[in-house]
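Peer 1: fold the following and give me the result.
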Amino acid sequence: MYDYADSSKTRLKAVHPDLQLIMTTVKKYCTIDFDISCGARTTEEQQAAYFAGNSELDGIHKMSKHQLIPSEAVDIYAYKEGGKASYTYHQLSYIAGVIQAVAIMLYSVGKTKHIIRWGGNWDQDGYIIDDQTFQDLGHFEIVEV
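Peer 2: Just a heads-up that it's a prediction; the model follows:
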């Protein structure tokens, strides 16, 4: 079983309690190590992500769930050999499956009030921009059920 890095633990403290529980529980089941790259974001950080092409939300006209207090979103990265960050579809889609399964499990037993939406499935949830699907494979956010 893997544990979060101290920086990830700090980032998790600024997110919604349901998301904290989901993400900490996932570590008990996931066979791929990963950490949290982002939890809460300021408007300036959201704008930087937007201008870098890492978000479709500018932080002013379109707010991100990262900007809510507490944050309702996290971004993750996996690890590849040698301990370097990895954003491969294979690793992140596996982790996403574990996260979504844990979220459903916790919701079904009444421990959370939310499930998870994965940035890799946005095309299935109606997030199609300019006839092209914007995927954010490392992004997870809580949604009302």
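
Peer 1: show me what the spatially most central residue of the chain bridges to in the sheet.
Peer 2: By CA atoms, centre = their mean, the chain has its centre lying nearest to F140, at 2.6 Å. When bridges are called by DSSP bridges, F140 pairs up with V74, W118.

Peer 1: any idea how far A78 is from L57?
Peer 2: Remark: distance between A78 and L57 (CB to CB, to the nearest Å) = 24 Å. The C-beta positions use only the backbone N, C-alpha and C, and glycine is treated the same way.

Peer 1: looking at these two, which is more packed in?
Peer 2: Using other CB atoms under 10 Å, the more surrounded residue of A78 and L57 is A78, with 21 against 16.

Peer 1: any idea which helix is longest in this structure?
Peer 2: helix 89-108 (DSSP state H).

Peer 1: which residues touch that one?
Peer 2: With CB atoms under 8 Å, 6 or more residues apart in numbering as the test, helix 89-108 has contacts from 18, 21-23, 25-26, 29-30, 32, 34, 76, 78, 80, 112-116, 118, 120-121, 137-138, 140, 145.

Peer 1: repeat that for stretch 52-66.
Peer 2: Outside stretch 52-66, the residues that touch it by CB under 8 Å, 6+ apart are 38-41, 43-47, 49-50, 67, 71-73, 75, 127, 129, 134, 136, 141-142.

Peer 1: in that stretch, what's buried?
Peer 2: Neighbour counts over stretch 52-66 (16 or more other CB atoms under 10 Å) mark S55, L57, G59, S64, K65, H66 as buried.

Peer 1: repeat for stretch 80-89
Peer 2: Going by neighbour count (16+ other CB under 10 Å), the buried part of stretch 80-89 is S86.

Peer 1: cheers, nothing more for now.
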